[in-house]
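Engineer: compute the structure for the input listed below.
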Amino acid sequence: MASTQCLVVLFLITFTSTAFSRSILETSPKSHHSFTFNPISIRRKIPNDCDNWYCDSWRLSVETDNARSWTQIPARCLDFVEEYATCHHYSSDLEVVAKNALEFAKEVNVSIHGKDAWVFDIDETLLSNVGYFQLNGFGHVDVAALFSEWVDLAVDPALSASLVLYKELQKMGFKLILLTGRNESLRNATKKNLFEAGYSNWERLIMRRPPDMNKTVTEFKSEKRRELIYHGFTLHGNCGDQWSDLRGFAVATRSFKLPNPMYYIPL
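Structural biologist: Numbering: from 1, shown residues only. Predicted structure coming up:
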C-alpha cells in the first residue's frame, strides 16, 4: 500500500478519539497499570482511488475544523491516515507550517526587553506520539489509561520541522513558552523527553495542576496565556496541532495550526 519512501509500519491503524481526546492534553496522574505493548493485527481491504479522494477531502475538513467534534477516523480512511502519518506527506505538511511561522517571525521586531514570546504545545507539535498509537492498536486498547506510563518512558521523537523552528526562534531572541495539557505529575518525564529530543532553554513549561483539571483545554490555555500577558510578555506566535490550542482569549498575534488527522481535542 505505502510507497518505498515510507517508514516500515508494523501495526495497522484504527483510532477512536473519544478515549484519547482527554489523554494527551488532559492527562490524569499516573495509572497503576503496568505498561505493556499490545500490538493489534487487523486485516483491511486495500483502499481504492475513491477512498483516497474521499479521505483526503475528509482530512481537509478536519484541518479546517469543519469536521468539528469528530470522534472516529472513518473506517474507509484508516489506511489513508496510517500512510499519511508515517510517510513523507505528514512531514512535508509540517515543514510548510514551520516555514510559514518562520517567515512571520522574521517580520517581528524583537526588542531588547526580553518579553517577545512564542507559545508551543507539546504533543503532536514538538513531540510525536505516532509510535505510541501504533503500539497500542489505535483504539483497540484503552490508550487513555496507558498514556501517562508511555510519557514516563520519555521516548517520543521530535517533529523535525518544529525542532528547526524552535531553534531558529531562539536565535532570533524569542522567549519560548511550552503550554501543554499534560498533568503536572508528568513534569520530570516531559522535561527529560524534551531534552533528549533536542529541545532546551525554554522560558516556561506550563502544565495542568489540580485546579485546572476540570477546565476545557481552551479555558486552561486561554487563562495561562492571559497570565503571560499580565506578566509583560507579548505573544507573537502560537503553534499547536489542535484548534483548542489556538482559540479562546488572549490569543497570539498569529496562530499556526499543525496537521493532525489522528485525534480531535474538544474546544
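Engineer: so Leu235, which state does it fall into?
Structural biologist: The three-state label given to Leu235 by DSSP: H, G, I helix; E, B strand; the rest coil is strand.
Engineer: got the contact list for it?
Structural biologist: Leu235 makes contacts with 117-119, 177, 225, 228-229, 250-253, as judged by CB atoms under 8 Å, 6 or more residues apart in numbering. Every C-beta, even on glycine, is put in place using the N, C-alpha and C of the backbone.
Engineer: if we go to 10 Å?
Structural biologist: For Leu235, the contact set (CB atoms under 10 Å, 6 or more residues apart in numbering) comprises 115-119, 175, 177, 225-226, 228-229, 250-255.
Engineer: name the helix or strand for Ala161, please.
Structural biologist: Per DSSP states H and E, Ala161 falls inside helix 160-172.
Engineer: pull out the buried positions in that helix.
Structural biologist: Neighbour counts using 16 or more other CB atoms under 10 Å place 161-166, 169-170 of helix 160-172 among the buried residues.
Engineer: now do the buried residues in stretch 100-119.
Structural biologist: Within stretch 100-119, the residues that count as buried by 16+ other CB under 10 Å are 101-102, 105, 108, 110, 115-119.
Engineer: an error on my part: the question was meant for stretch 69-85.
Structural biologist: Of the residues in stretch 69-85, those buried by neighbour count under the rule 16+ other CB under 10 Å are 70, 73, 76-85.
Engineer: same check, this time on stretch 59-70
Structural biologist: Using 16+ other CB under 10 Å as the burial criterion, the residues of stretch 59-70 that qualify are 59, 62-63, 70.
Engineer: quick one: contacts for Gln170?
Structural biologist: Gln170 is in contact with 118, 176, 199-203, counting by CB under 10 Å, 6+ apart.
Engineer: brain fart, Lys215
Structural biologist: Here Lys215 is in contact with 26, 181, 208, 221-223 (criterion: CB under 10 Å, 6+ apart).
Engineer: which of those residues scores worst on pLDDT?
Structural biologist: Within those, the minimum per-residue pLDDT falls on Glu26 (53).
Engineer: was I right about Lys257 contacting Gly237?
Structural biologist: No: counting by CB atoms under 10 Å, no contact exists between Lys257 and Gly237, whose distance comes to 11.9 Å.
Engineer: more neighbours: which of these two?
Structural biologist: Neighbour comparison, Lys257 and Gly237: the larger count goes to Gly237, with 23 against 18 (by other CB atoms under 10 Å).
Engineer: what's the distance between that one and Asp93?
Structural biologist: Taking CB to CB, to the nearest Å as the measure, Gly237 falls 18 Å from Asp93.
Engineer: then Asn183?
Structural biologist: Asn183 is 29 Å from Asp93, by CB to CB.
Engineer: and those two? Which one has more around it.
Structural biologist: In this comparison of Asn183 against Asp93, neighbours counted by other CB under 10 Å, the higher total goes to Asn183 at 21 against 17.
Engineer: any idea what that one is bridged to?
Structural biologist: Beta-bridge partners for Asn183, by DSSP bridges, are Arg208.
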